[in-house]
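Enquirer: give the three-dimensional model of this entry:
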Amino acid sequence: MCVYDQGMLDWNDLKFVLETARHGGTSGAARVLGVNHATVARRISAAEKALGARLFERLPSGYVPTEAGLDAVRTAEEMARVEADLDRRIGARDTELRGVLRVTASELLFQRVLAPIFADFITAYPEIDLRLVATNDAVNMAQREADVAFRFSSGPPESLVGRRVLEPRGTVFASHELLAKDPGGDAPLDWIRFAHWPGPPAEVKAVRPNLNVRLTVDDMIAAIGAVHAGIGATRMACFLGDSDPLMVRVPGMPLFPFRPLWVLTHADLKHVPRMRVFMDFAAARLIALRPLFEGDLP
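Expert: Reported below is the predicted structural model:
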């Protein structure tokens, strides 16, 4: 039990305690909070003084919460949930087409597809302060880390609502140079493997049975770079391969279904005008790109 006998606790200091526990040290917390690590250390010390308890063991491997520290972390998490809930409920009353709108999407989806959609939306709604969170990670919508999300998902969480706008498909792509030297058929085809995929589908092996794994990657941006360099062919979404002038489809390969693309927001925010207008705007533009996503080349 923490003892409040050393001074007044600044509740904001608990944010520094929480992020330090999450990241195992002051450096990671500093990056997330946008301050330097000395500031994080100072705020933790202030919290410890106010609570009259040591919150972390400072070890060579990082900051490890004590029992009192775990109590403080649980309290900070609960405060963050309450703050986010209040933020959503207050935000849901916003009836004007102005204010901050945080949108999250993967870097490649933004680069290849969303950037011109964002540009046109900014022109049409200049008083909406559009902010992009470019990441492949699923950000916490309940904590208002983002207001709208573009997600490839077989089914979003129940707390999120929105539209299933596209059913993307993919196929196998390679560089022009690699295919120019490729005799096809049963000849070996250099292959780029994804670490988190079990292996090429049977349909690929039926067309090209002799795949020669040259490189294993864990990221699509890395895979695209490897294809550009002529290391091998790989499977990817049509909207990525067909929009890249440095790539071409490997002949004879089938089309594969990818996870559907959704435009989502938190259920508490679905009636906020700036959320609704952005989601409708983006969904309409994406639906117009259905041939690109579904691999229907002219």
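Enquirer: let me see the ranges of the helices in the protein.
Expert: Listed in chain order, the helices found in the chain under DSSP state H are 13-23, 26-33, 37-51, 67-91, 107-109, 115-124, 176-180, 202-207, 220-228, 238-241, 273-287, 290-294.
Enquirer: residues contacting the shortest one, please?
Expert: Right, the one you point to is helix 107-109. 134-136, 150, 220-221, 224, 240 (CB atoms under 8 Å, 6 or more residues apart in numbering). In this view, the C-beta of every residue, glycine as well, is placed from N, C-alpha and C.
Enquirer: show me which pair in those is furthest apart.
Expert: Distance extremes for the contacts of helix 107-109: the farthest pair is 150 and 224 at 18.8 Å, using CB to CB.
Enquirer: re earlier: kindly reformat the helices of the chain as CSV containing mean pLDDT and mean neighbour count.
Expert: Output for the helices of the chain, formatted as CSV (pLDDT from 0 to 100; neighbours: other CB atoms under 10 Å):
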stretch, mean pLDDT, mean neighbour count
helix 13-23, 88, 22
helix 26-33, 84, 19
helix 37-51, 88, 19
helix 67-91, 78, 15
helix 107-109, 95, 17
helix 115-124, 96, 14
helix 176-180, 96, 14
helix 202-207, 92, 14
helix 220-228, 96, 18
helix 238-241, 96, 24
helix 273-287, 94, 18
helix 290-294, 95, 17
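Enquirer: below-threshold pLDDT in the stretch 51-200 of the chain: ranges please.
Expert: 84-96 (pLDDT under 70).
Enquirer: that one: strands as residue ranges?
Expert: Using DSSP state E, counting those that start in this stretch, the strands of the stretch 51-200 of the chain run over 56-59, 62-65, 99-105, 128-134, 148-152, 160-166, 169-175, 189-194.
Enquirer: out of those strands, which comes closest to residue 286?
Expert: So among the strands of the stretch 51-200 of the chain, strand 160-166 is nearest, using CB to CB, at 4.9 Å.
Enquirer: who are the contact partners of residue 22?
Expert: By CB under 8 Å, 6+ apart, the neighbours of residue 22 are 28-29, 32.
Enquirer: no no, residue 15
Expert: Neighbours of residue 15 in contact, by CB under 8 Å, 6+ apart: 33, 76, 80.
Enquirer: ok, residue 128 next?
Expert: 97-99, 101, 121-122, 274, 278.
Enquirer: mind putting the helices of the chain into a markdown table with distance to residue 190?
Expert: Shown next, in a markdown table, are the helices of the chain (distance: least, CB to CB, whole Å):
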| stretch | distance to residue 190 |
| --- | --- |
| helix 13-23 | 40 |
| helix 26-33 | 38 |
| helix 37-51 | 45 |
| helix 67-91 | 48 |
| helix 107-109 | 23 |
| helix 115-124 | 32 |
| helix 176-180 | 7 |
| helix 202-207 | 13 |
| helix 220-228 | 10 |
| helix 238-241 | 16 |
| helix 273-287 | 34 |
| helix 290-294 | 27 |
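Enquirer: so which of the ones you listed is nearest residue 254?
Expert: Closest to residue 254 of the helices of the chain, according to CB to CB: helix 202-207, at 4.9 Å.
Enquirer: alright, I will stop here.
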